[in-house]
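Student: After the sequence you'll find the predicted model.
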Amino acid sequence: FYVKLHSFFTAGKRMSHASVYVLDISVLLYTPDALYEFPEQEVVLPVSILDALDTLRQDLGEKGRAANLVNKMLDECSQLGNLVEGVRLLNGGKLRVELADPETGSIPYSLNSNSFSNRVLAVAWMLSRKNKAVVFVSHDENLRTKANTLNVPTIAYQGRRKDDSSLYSGIRRCEVSKKKLRSLSQQSLISTEELQAELDDNVEFSPNQGLLLNCPEVPEEDVLAIYDQGKSKFVTVSKEQGVWGIRPRNPEQRLALALLNDPKISIVTLSGKAGTGKTLLALAVGLQQMMVENIYSRMLVSRPIFPMGRDLGYLPGDTQEKLAPWMQPIFDNLELLINNTSAKKGSKRDSYHELMERGMLVVEPLTYIRGRSIPNQHMIVDESQNLTPHEMKTIVSRAGEGTKIVLTGDPNQIDNTDVNLSSNGLSTLVESFKGSQLAGHVRFTSVERSALAELAANAL
């Protein structure tokens, strides 16, 4: 449960010794795990928040997702003891639910008691009358203004939502001298002894983890290598690699391409923001290895059905017609790849429709995968951050002899309210498999789709 305290405690000196924080529901909807952001302090939730969460959990958008996450956390906390009496958290803090609901007539400012937020503020006012160390924490500017009129000390919550930077990235960066960088670039294998001066003594590398060596003096030059646990050495990755008419644009894409092309690696996980090239690379390698190298008999592409609003039942048509818009991102990438290769070689290639008619390409939802055995196929599961760990286990255990699984997704964009950044199936699998020689992982950070897409991914 321990989460570091964010830098939103920017109130004056009179707040520095506050020990009781009453949280408004706007704080929990903005950052559900704000419950754990007050080490060694007491966090109080007015009971009216539970009613608000019960109402909001039916929402199909971000509020519903956040409400469900908070409900799940509170249920976990309730296993530690009585929430009304207060339970101790692992961060040294205390969480308590306040049952008292003051009479609105006793408050010097007329509050509409039908508003959940106003009822929360009323509880904060009541507690502050008994204890001067009480502070009201809210993300709602208007509610903080109301609190000030009641002389209730406030804090403007500006906590940053967690991102996947805390998760395993699959690649480590290290600076070396210009001379050493150019010397290592001529080698196919690099021993750990050669990097002893640059690496800490206690650094351990996972199988198939990438190592990016660079030098500030020559920023355009670098050496990318992959740790081979069997040889206890790093195998350098060529910059000249490409597949199906496309070439990697950054070190993460180069590493991903090397992992995808390695037949000894049975499962590759690619995570990162939209537009970083995860799905495009996976499809390109799949087409190359199926149609040119004849490694796989067919390519199976799937994705879980978790809409950003209304689900497939609202769409017109039969099952295939309903699935068409949901699978369109896959079709867009396939069309880009096939047209790109056709234009490059000046010859007409099979469209993805023809590949599907010939049974070489299968695109279907994960709903139909349970109970199947999938041998000798290149299997891609897109948007896998929406899977639960149990669903992930079901999918990976479908793989038969000769099958390679590629899982792509962005843990920062989860539509499934039953999982979060660290508990979703993709993050769980990455953490569980990072010690296996059969697995490789890359977290992409550079958006390559367009300058506008990069701006949206970073700023919004």
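Tutor: In hand now; what should we look at?

Student: give me the number of residues near the nearest residue to residue 153 once chain neighbours are set aside?
Tutor: Distances taken as Cβ to Cβ, 6 or more residues apart in numbering place residue 135 nearest to residue 153, at 4.8 Å, with adjacent residues excluded. The way it works is simple: take the backbone N, C-alpha and C, and place the C-beta from them, glycine included. Counted by other Cβ atoms under 10 Å, the residues lying close to residue 135 total 23.

Student: what helix or strand is residue 135 on?
Tutor: Following DSSP states H and E, one finds residue 135 within strand 134-138.

Student: what helices or strands is the very next helix or strand once past that strand leaning on?
Tutor: Heading C-terminal from strand 134-138, the first helix or strand you meet, by DSSP H and E, is helix 141-149. Packing partners of helix 141-149 (3 or more Cβ pairs under 8 Å, 6 or more residues apart in numbering; DSSP states H and E): helix 116-130, strand 134-138, strand 154-156.

Student: Any stretches of the stretch 101-250 of the chain with poor pLDDT?
Tutor: Filtered on pLDDT under 70, the stretch 101-250 of the chain yields the residue ranges 103-106, 108-111, 113, 159-162, 201.

Student: ranges for the strands of it?
Tutor: For the stretch 101-250 of the chain, applying DSSP state E, counting those that start in this stretch gives strands covering 134-138, 154-156, 171-175, 189-191, 210-214, 222-228, 233-236.

Student: With distance to residue 144 as new columns, can those strands be given to me in CSV?
Tutor: Below are the strands of the stretch 101-250 of the chain laid out as CSV (distance: least, Cβ to Cβ, whole Å):
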stretch, distance to residue 144
strand 134-138, 5
strand 154-156, 5
strand 171-175, 42
strand 189-191, 56
strand 210-214, 45
strand 222-228, 48
strand 233-236, 54
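
Student: before we move on, the earlier item: quick one: the residue nearest to residue 153 and residue 156 touch, right?
Tutor: No: counting by Cβ atoms under 8 Å, residue 135 does not reach residue 156; the two are 11.1 Å apart.

Student: Just want the most central residue of this structure.
Tutor: In the chain, the centroid-proximal residue (Cα atoms, centre = their mean) is residue 411; its distance is 1.3 Å.

Student: and that residue, which of the three is it?
Tutor: Reducing the assignment at residue 411 to three states with DSSP: H, G, I helix; E, B strand; the rest coil gives coil.

Student: Repeat that for residue 436.
Tutor: Here residue 436 is coil, with the state taken from three-state DSSP.

Student: List the contacts of it.
Tutor: residue 207 (Cβ atoms under 8 Å, 6 or more residues apart in numbering).

Student: State the phi and psi torsions of it.
Tutor: In terms of degrees, to the nearest 10, the main-chain angles of residue 436 are phi -100, psi 140.

Student: and if you look at residue 43?
Tutor: phi -110, psi 130.

Student: Could you report the neighbour count for residue 158?
Tutor: Look at residue 158: counted by other Cβ under 10 Å, it has 13 neighbours.

Student: which residues of the protein fall in helices?
Tutor: Along the chain, counting by DSSP state H, helices occupy 25-30, 48-56, 62-78, 116-130, 141-149, 178-184, 251-261, 278-287, 319-345, 352-357, 389-396, 425-433, 451-459.

Student: CSV for these, including mean neighbour count?
Tutor: Shown next, in CSV, are the helices of the chain (neighbours: other Cβ atoms under 10 Å):
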stretch, mean neighbour count
helix 25-30, 23
helix 48-56, 18
helix 62-78, 18
helix 116-130, 21
helix 141-149, 15
helix 178-184, 15
helix 251-261, 24
helix 278-287, 25
helix 319-345, 15
helix 352-357, 16
helix 389-396, 17
helix 425-433, 21
helix 451-459, 12
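
Student: Redo the ones you listed as JSON lines? Include distance to residue 406.
Tutor: Below are the helices of the chain laid out as JSON lines (distance: least, Cβ to Cβ, whole Å):
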{"stretch": "helix 25-30", "distance to residue 406": "34"}
{"stretch": "helix 48-56", "distance to residue 406": "36"}
{"stretch": "helix 62-78", "distance to residue 406": "26"}
{"stretch": "helix 116-130", "distance to residue 406": "44"}
{"stretch": "helix 141-149", "distance to residue 406": "45"}
{"stretch": "helix 178-184", "distance to residue 406": "29"}
{"stretch": "helix 251-261", "distance to residue 406": "7"}
{"stretch": "helix 278-287", "distance to residue 406": "4"}
{"stretch": "helix 319-345", "distance to residue 406": "13"}
{"stretch": "helix 352-357", "distance to residue 406": "17"}
{"stretch": "helix 389-396", "distance to residue 406": "11"}
{"stretch": "helix 425-433", "distance to residue 406": "12"}
{"stretch": "helix 451-459", "distance to residue 406": "21"}
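
Student: That'll do, ta.
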